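In: Model the structure of this input:
(2 chains)
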Amino acid sequence: MSPILGVWASQNYPRITSSYESIATVTVGAGGSSTITFSSIPSTYTHLQLRILGKNNAADNGAWNIFLNFNSSASTSNTFHYLLGDGASVSAGASTGNTHCIAGVFAGSTTTTFSNSIIDILDYKNTNKYKTIRSLNGVDFNGSGSMRFYSNLWQSTQAISSIDITSEGSKTITQYSHFALYGIKGS
Amino acid sequence: MAAGSTYTPIATTTLGSATNSVNFTSISGTYTDLVLVGSFQTSANGTNPGVYFNSSTGSVSQTSLYGNGSAAGSFRLTGYGFIFFGGGGDVANVESNIIIHIQNYSNTTTNKTSLIRYNQTSEATYAIVAMRNNTAAITAVNLTTQAGNYKAGSTFTLYGILSA
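Out: Numbers count the residues shown, from 1 in each chain, chains lettered A, B, ... in the order given. Reported below is the predicted structural model:
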């Protein structure tokens, strides 16, 4: 439901001319990047959505975790659950006390195949709540790959004003990877 | 930084009669991502609905994750002509819904990866990642079936998302 939250909000409530807005976009250039940062995120929205087309330089057709850090925090205040299908079986897991959220995987691709992620950060500016993040992510390499759901909790009541995105293994995020941050307004 | 309204309906189709083919063609390269939302019924059991792109079947693979109320599972399909939404257990005359996200559809550099959510209460709920092994920009989204039709009254809307 949330990937089209902006559309449903505008259909079922008094018309708002713009409920789903683009905040900022990063397309990785030649040479790649170790960190993608969205900073000075305005507090004018209710929710955030981050859409990623991602690949790193592992070149192993593997799956490398996408790490999210909020407000440059390095505290061990992140927990997550995941559900994963690898084309043959289903697995699930959880972890607490992490220094980052996990939003899915980058493609460690040997070709021009990238992973897709749609990440919803709900009530991001609310200073009375811990922050919940949900993610739909997948990569298919034509013979391998995975489809994943993630649910994360950042145990902080801080309003989110910045997001840093990095790859597991400190891999370089490669050229043509695309990161788009959107804001979703309430009525 | 905001770019104004960025989630724009491109086209909507409401079927006046049953068909096994629903096509969105001549899609502009203006947007960043495409999202197709559908609410439909099929005319027969095992219709096995799906999608392909650019009016050209083939060159697709998928990894699917599902739960059917009693079990969860995952399967992979390669070498088929189109991307299957489900596993062939769909039931006729039952409302189904589909959301297909195609990110960075207009670039000519990357293979095209889609994230798909499909729900048919008589079959299962599915999440699918699909890859079209072709770097061509997507200019058409073609909904199809393996057997049987989408019923009259089924609706499909294509949206464009534009990033800053």
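
In: For B:Val94, give its distance to chain A.
Out: B:Val94 sits 20 Å away from chain A, taking C-beta to the nearest C-beta, to the nearest Å as the criterion. Bear in mind the C-beta positions are built from the backbone N, C-alpha and C, glycine included.

In: Find the residue closest to that residue in space, skipping its chain neighbours.
Out: Leaving out its chain neighbours, the residue that sits closest to B:Val94 by C-beta to C-beta, 6 or more residues apart in numbering or on different chains is B:Ser122, at 4.6 Å.

In: wait, that neighbour sits on B:Glu95?
Out: No. Here B:Ser122 does not reach B:Glu95: they are 9.6 Å apart, not a contact under C-beta atoms under 8 Å.

In: quick revisit: contacts only, for the residue nearest to B:Val94.
Out: B:Gly89, B:Asp90, B:Val91, B:Val94 (C-beta atoms under 8 Å, 6 or more residues apart in numbering or on different chains).

In: per-residue pLDDT, A:Lys10?
Out: Just so we're on the same page, residue A:10 is Ser rather than Lys. pLDDT recorded at A:Ser10 is 33.

In: Could I get the full set of helices for chain A?
Out: If DSSP state H is used as the criterion, the helices of chain A fall at A:5-12.

In: Do a quick rundown of the strands in it.
Out: A:20-27, A:36-38, A:47-54, A:62-70, A:78-85, A:90-98, A:101-108, A:115-122, A:131-140, A:145-154, A:163-167, A:178-184 (DSSP state E).

In: among the ones you listed, which is the most enclosed?
Out: Greatest average neighbour count among these goes to strand A:101-108 (a mean of 27), per mean count of other C-beta atoms under 10 Å in any protein chain shown.

In: Which strands or helices does it pack on?
Out: strand A:47-54, strand A:62-70, strand A:78-85, strand A:115-122, strand A:131-140, strand A:145-154 (3 or more C-beta pairs under 8 Å, 6 or more residues apart in numbering or on different chains; DSSP states H and E).

In: What is the end-to-end distance of stretch A:43-59?
Out: End-to-end distance of stretch A:43-59 (C-alpha to C-alpha, to the nearest Å): 38 Å.

In: separation between A:Tyr20 and chain B?
Out: Taking C-beta to the nearest C-beta, one finds A:Tyr20 at 4 Å from chain B.

In: With A:Ala159 instead?
Out: Distance from A:Ala159 to chain B, by C-beta to the nearest C-beta: 17 Å.

In: isn't that residue right next to A:Asp123, touching?
Out: No. Counting by C-beta under 8 Å, A:Asp123 is not a contact partner of A:Ala159; they are 9.5 Å apart.

In: what ranges do the helices span in chain B?
Out: So, for chain B - with DSSP H - there are no helices.

In: just for it, where's the confidence low?
Out: B:1-5 (pLDDT under 70).

In: Do you have the strands of it handy? List them.
Out: B:7-14, B:21-24, B:33-40, B:49-53, B:60-67, B:72-78, B:83-84, B:96-103, B:112-120, B:124-132, B:141-145, B:155-161.

In: Now tabulate those strands in TSV and tack on distance to chain A and mean neighbour count.
Out: Output for these, formatted as TSV (distance: least, C-beta to the nearest C-beta, whole Å; neighbours: other C-beta atoms under 10 Å in any protein chain shown):
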stretch	distance to chain A	mean neighbour count
strand B:7-14	4	15
strand B:21-24	17	17
strand B:33-40	6	21
strand B:49-53	14	25
strand B:60-67	3	24
strand B:72-78	3	17
strand B:83-84	10	25
strand B:96-103	5	22
strand B:112-120	5	24
strand B:124-132	3	25
strand B:141-145	16	22
strand B:155-161	7	20
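
In: Adding distance to A:Ser43, write these out as JSON lines.
Out: Listed next are these as JSON lines, based on distance: least, C-beta to C-beta, whole Å:
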{"stretch": "strand B:7-14", "distance to A:Ser43": "21"}
{"stretch": "strand B:21-24", "distance to A:Ser43": "37"}
{"stretch": "strand B:33-40", "distance to A:Ser43": "25"}
{"stretch": "strand B:49-53", "distance to A:Ser43": "38"}
{"stretch": "strand B:60-67", "distance to A:Ser43": "35"}
{"stretch": "strand B:72-78", "distance to A:Ser43": "39"}
{"stretch": "strand B:83-84", "distance to A:Ser43": "39"}
{"stretch": "strand B:96-103", "distance to A:Ser43": "27"}
{"stretch": "strand B:112-120", "distance to A:Ser43": "29"}
{"stretch": "strand B:124-132", "distance to A:Ser43": "32"}
{"stretch": "strand B:141-145", "distance to A:Ser43": "36"}
{"stretch": "strand B:155-161", "distance to A:Ser43": "22"}
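
In: Of all the ones you listed, which one is nearest A:Thr113?
Out: Set against A:Thr113 and scored by C-beta to C-beta, the strands of chain B come closest in strand B:124-132, at 5.9 Å.

In: What pairs with that closest one, parallel or antiparallel?
Out: strand B:60-67 (antiparallel), strand B:112-120 (antiparallel) (DSSP bridges).

In: could I get these as a markdown table with distance to A:Ala92?
Out: Output for the strands paired with strand B:124-132, formatted as a markdown table (distance: least, C-beta to C-beta, whole Å):
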| stretch | distance to A:Ala92 |
| --- | --- |
| strand B:60-67 | 11 |
| strand B:112-120 | 18 |
